[in-house]
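S.K.: let me see the structure of the following:
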Amino acid sequence: MPHKEVSLEQFLVILEGHRAFQVGRDYRGIEPQKIMSFKGLTEFVDYQCGFDASGLCACKRKRLGSGAVTIKDKQCCCTLCAARCGYIDYIPSVHAAQEIAKLYSVRNGFWTTNGCSLPRKYRSSTCLTHQCYHSNNEWDNGLFAILHVGYPAVVEYYLRYIGKHNVADMPEYLVVYAVYDHMEEKLKEMAKQRQSGHT
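M.R.: Residues are numbered from 1 along each chain as shown. Okay, here's the model as predicted:
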């Protein structure tokens, strides 16, 4: 079925009916450029989806067995994308809203047979932090903490933690995130190491 484009006005009305969202303000204490950068770093997270040639992920294959494959099966955790407007909770600017609206389909949301049509910087924290198979990787969990609760909450947790414990006992990502100026730099460095297979 061809993509049915909606206008910016229509999209914002649909979005407002499903989600509480913000346009152009800081996201949970993090300025727009920073949060978009953090979202982009999820490119290096191994979600363990394991898509096969038919477009089924590992989790859905396990549930389906040898049953017939439908579009909803291929959508898996993206089945409600259209109904929930991609779970979007933040739009950095009106210009971004226009870009996002052009990619939205009233039938499938942002889901396509090639994956999500939204650039990572615009995807919701709900989508970017969802994993069927949970990771024990400290880097993933630290990045997910930022996307879920934002900078102030992580720092508040950090300050409470060091009030009772030695800093050396803390997970590295909490120490890193407590120093705002170095957060993005450190995350990129760790992402590069992971991509090179050195983590």
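S.K.: which ones are touching the nearest residue to Ser7 once chain neighbours are set aside?
M.R.: Once flanking residues are discounted, Ser7 sits nearest to Ala101: 6.9 Å by C-beta to C-beta, 6 or more residues apart in numbering. Using the backbone N, CA and C atoms, a C-beta is placed for each residue, glycine as well. Ala101 is in contact with 5-8, 10-12, counting by C-beta atoms under 8 Å, 6 or more residues apart in numbering.
S.K.: ok, of those residues, which come out buried?
M.R.: 11-12 (16 or more other C-beta atoms under 10 Å).
S.K.: narrow the contacts of Ala101 to those in helices?
M.R.: 8, 10-12 (DSSP state H).
S.K.: and of the residues you listed, the nearest to Cys59?
M.R.: Phe11 (29.8 Å; C-beta to C-beta).
S.K.: state the pLDDT value of the closest one.
M.R.: With respect to pLDDT, Phe11 scores 81.
S.K.: now Arg160
M.R.: So, for Arg160, pLDDT stands at 67.
S.K.: and for Cys76?
M.R.: For Cys76, the predicted pLDDT is 85.
S.K.: tell me the contacts of the closest residue to it other than its chain neighbours?
M.R.: For Cys76, ignoring the flanking residues on the chain, the nearest one in space by C-beta to C-beta, 6+ apart is Lys60 at 4.8 Å. The contact partners of Lys60, by C-beta under 8 Å, 6+ apart, come to 73-74, 76.
S.K.: and which of these is nearest to Thr112?
M.R.: Lys74 (10.2 Å).
S.K.: list the residues that contact the residue nearest the centre of the chain.
M.R.: In the chain, the centroid-proximal residue (C-alpha atoms, centre = their mean) is Leu128; its distance is 1.8 Å. Leu128 sits next to 39, 42, 120, 144, 147 when contact means C-beta under 8 Å, 6+ apart.
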